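Chemist: here is my input; please provide its structure:
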Amino acid sequence: MFNSILNQALEQYVSDRVDNILSIAGVADAKYKKLVREADSVLSQLMEIARELEAQHSELLRLVMEYEAATNIESGLAAEIVYREGIRDSCRIRQEVANFMQKQI
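Modeler: Numbering: from 1, shown residues only. Modelled structure (predicted):
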């Protein structure tokens with residue numbers, strides 16, 4: 001039960017932290033900000049075309065919307081995976097530094 005509580009807390013922490021990092025990047029990182037604007041522009045163009053062609057291809061608008069949702073979920077999951085690996089790397093590096101220091105003493 002304790003492990004379950006810790007896992008839930010870590011899941012929430014990672015999710016909140018990733019959201020916070022991406023929020024800061026959206027303001028502070030010019031490269032990321034530019035990419036987000038470009039992606040939004042492309043999506044807007046796709047949605048416009050899909051709406052224009054909806055009468056001929058009724059599934060097109062739904063597919064564009066599903067693609068947008070899937071890419072958003074994939075992007076968020078990728079960010080969480082990277083953050084978790086960063087936490088693991090941090091723990092390993094600390095352990096290696098501690099071992100190195102122990103050998104020096």
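
Chemist: off-centre distance for whatever helix or strand I73 lives in?
Modeler: Using DSSP states H and E, I73 maps to helix 58-104. Between the centre of helix 58-104 and the centre of its chain there are 7 Å (Cα atoms, centre = their mean, to the nearest Å).

Chemist: again, but for stretch 4-16
Modeler: Distance, centroid of stretch 4-16 to centroid of chain: 16 Å (Cα atoms, centre = their mean).

Chemist: what's the first helix or strand after the worst-scoring helix or strand of the chain on mean pLDDT?
Modeler: Between all helices and strands in the chain, the lowest mean by mean pLDDT, DSSP states H and E belongs to helix 2-28, at a mean of 88. Counting by DSSP H and E, the next helix or strand C-terminal to helix 2-28 is helix 30-52.

Chemist: in that following helix, which residues are buried?
Modeler: In terms of neighbour count (16 or more other Cβ atoms under 10 Å), helix 30-52 has its buried residues at L46, A50. For the C-beta atoms, the positions are set from N, CA and C on the backbone; glycine is no exception.

Chemist: now the helix holding I73: average pLDDT?
Modeler: Throughout helix 58-104, pLDDT has a mean value of 92.

Chemist: tilt between that helix and helix 2-28?
Modeler: Compare the direction of helix 58-104 with that of helix 2-28 by axes from the mean of the first three to the mean of the last three Cα atoms, to 10 degrees and you get 110 degrees.

Chemist: same for helix 58-104, what does it pack against?
Modeler: Contacting helix 58-104 under the criterion 3 or more Cβ pairs under 8 Å, 6 or more residues apart in numbering; DSSP states H and E are the following elements: helix 2-28, helix 30-52.
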